[in-house]
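**Student:** sequence below, structure please.
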Amino acid sequence: MKSVVLISAVVSFLTVLFLTPWIIKYLRKIGLLVVDQNKPEKPLVPISGGLVVMGGFFVGLMVFIFFRTFFPSEGLILDDISLKYIFGSIVSIMIITFVGFIDDLLIKSSKESSAGLNQWQKPLLTLLAAVPLMAVSLGETIIQLPILGRVDFGIIYPLILVPIGVVGAANMVNMLGGLNGLETGMGIVYIGMLGLYASYYERHMAALIALLVFVSLIAFYFFNMVPAKILPGNSLTYFLGGSLAVIAIVGNIEKAALIVAIPFFVEFILKWRSKFKADSFGYYKDGKLHSKYKKVYSLTHLFLKTGKFTEREIVWSFILMELVISSFMWFIR
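**Tutor:** All right, here's what the predicted structure looks like:
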């Protein structure tokens, strides 16, 4: 089984590595470009890199299913229930990525940024991504809660908790970004840590999904790091939020997912103070990034207000912060 998983991971990685240059050219050709606000020359950069990451994940998972179906061996056998869960997860992640792509398509005429969907449209459309998970009743209905202990939520879990988790994860992850490599770098950390956690506790399907997303993100990071050749767009942030929710639900590791999502909960509170109108990015001056606001409306503003950090330094600070926060998952069970 390990060799099949390894082959699938390599396919996902290579798919993203080889397709990204092509999709960069394609996005430039169709004019899907926005201004990179954190650069002095304000270059136009292609947006919606989540499409190629989604492609890498999808191809890798199809390769895994092919080998496990036609060349079965001891280990993770794809019975009817496993296949139902896997395809429910794929459809859910594809839908939520497509919603993000629609959001990316709405570019302002000035190319300053994506105009995006309305605030009421985002949760409504991302709710559609929860339908496949609800339909197959994905996940375990019993959750270990503080003080209350093990609680069986029954039908409430797939019909209420699952859609809340998917919509919440997608929209919160979407709030923290705006710097080259920030969304991708943080995603590499929390998806990778969840994958390790799921593997340790033998939640094999969750670990598999996390691995394929993880390697796809690493390949994409080569093009998204400072200075970015392509921006992730909402297609990637929604993809990451959907993947986070699916991994948590499939692996029944919701508590671990809540811990890795702490920065996004904080970001939600800060953005709420600005009525969700503040940007996370800043402006370039004398080699450093500065904040456009007097108050802190985003975690990135903690660095931007000092005016002492480069874009790369801020991004790596967030990656390190996410690594530290994610490490606390190992203290729970």
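
**Student:** same question for stretch 51-64, mean pLDDT?
**Tutor:** In this model, stretch 51-64 has a mean pLDDT of 95.

**Student:** any low-confidence regions in the stretch 51-200 of the chain?
**Tutor:** 73-80, 107-120, 138-149, 151-152 (pLDDT under 70).

**Student:** Lys294: neighbour count?
**Tutor:** Using other Cβ atoms under 10 Å, Lys294 has 8 neighbouring residues. Heads up, the C-betas are built off the backbone N, CA and C, glycines and all.

**Student:** may I have the secondary structure class of it?
**Tutor:** coil (DSSP: H, G, I helix; E, B strand; the rest coil).

**Student:** tell me how far it lies from Lys305.
**Tutor:** Lys294 is 8 Å from Lys305, where distance means Cβ to Cβ, to the nearest Å.

**Student:** quickly note the distance from Ile24 to Met193.
**Tutor:** Using Cβ to Cβ, which is the criterion applied here, Ile24 is 29 Å from Met193.

**Student:** next one: Lys275
**Tutor:** For Lys275, the distance to Met193 - Cβ to Cβ - is 32 Å.

**Student:** compare those two (neighbour count), which wins?
**Tutor:** The residue with more neighbours, out of Lys275 and Met193, is Met193; 23 against 9, by other Cβ under 10 Å.

**Student:** how close does that one get to Met329?
**Tutor:** 7 Å.

**Student:** please apply the same query to Asn252.
**Tutor:** From Asn252 to Met329 the distance is 14 Å (Cβ to Cβ).

**Student:** could I get the phi/psi values of Phe303?
**Tutor:** Note on Phe303: its backbone torsions stand at phi -90, psi -40 [degrees, to the nearest 10].

**Student:** I'd say it and Arg312 touch.
**Tutor:** No - in this structure, Phe303 is not within contact of Arg312 by Cβ atoms under 8 Å, at 11.6 Å.

**Student:** which one's more surrounded, those two?
**Tutor:** More crowded of Phe303 and Arg312, by other Cβ under 10 Å: Phe303, with 24 against 14.

**Student:** show me the contacts for the more buried one.
**Tutor:** Leu289, Phe309, Glu313, Ile314, Ser317 (Cβ atoms under 8 Å, 6 or more residues apart in numbering).

**Student:** give me the buried entries from those.
**Tutor:** Taking 16 or more other Cβ atoms under 10 Å as the criterion, what is buried in those is Leu289, Phe309, Ile314, Ser317.

**Student:** if I look at the nearest residue to the third one once chain neighbours are set aside, how far off is Tyr293?
**Tutor:** Distances taken as Cβ to Cβ, 6 or more residues apart in numbering put Phe303 closest to Ile314, at 4.6 Å, once the chain neighbours are dropped. Using Cβ to Cβ, we find Phe303 at a distance of 13 Å from Tyr293.

**Student:** and for Ser280?
**Tutor:** On the measure of Cβ to Cβ, Ser280 and Tyr293 end up 11 Å apart.

**Student:** more neighbours, these two?
**Tutor:** Ser280 (19 against 14).

**Student:** how much space between that one and Asp36?
**Tutor:** Relative to Asp36, Ser280 is positioned 14 Å away (Cβ to Cβ).

**Student:** likewise Glu311?
**Tutor:** Following Cβ to Cβ, the distance that separates Glu311 from Asp36 is 10 Å.

**Student:** again with Leu124
**Tutor:** As judged by Cβ to Cβ, Leu124 and Asp36 stand 30 Å apart.

**Student:** torsion angles phi and psi at Leu289?
**Tutor:** Backbone torsions for Leu289, taken as degrees, to the nearest 10, come to phi -100, psi 140.

**Student:** for the remainder of this discussion, apply numbering that starts at 13.
**Tutor:** Yes, from this point I'll number from 13; that puts the last item at Leu301.
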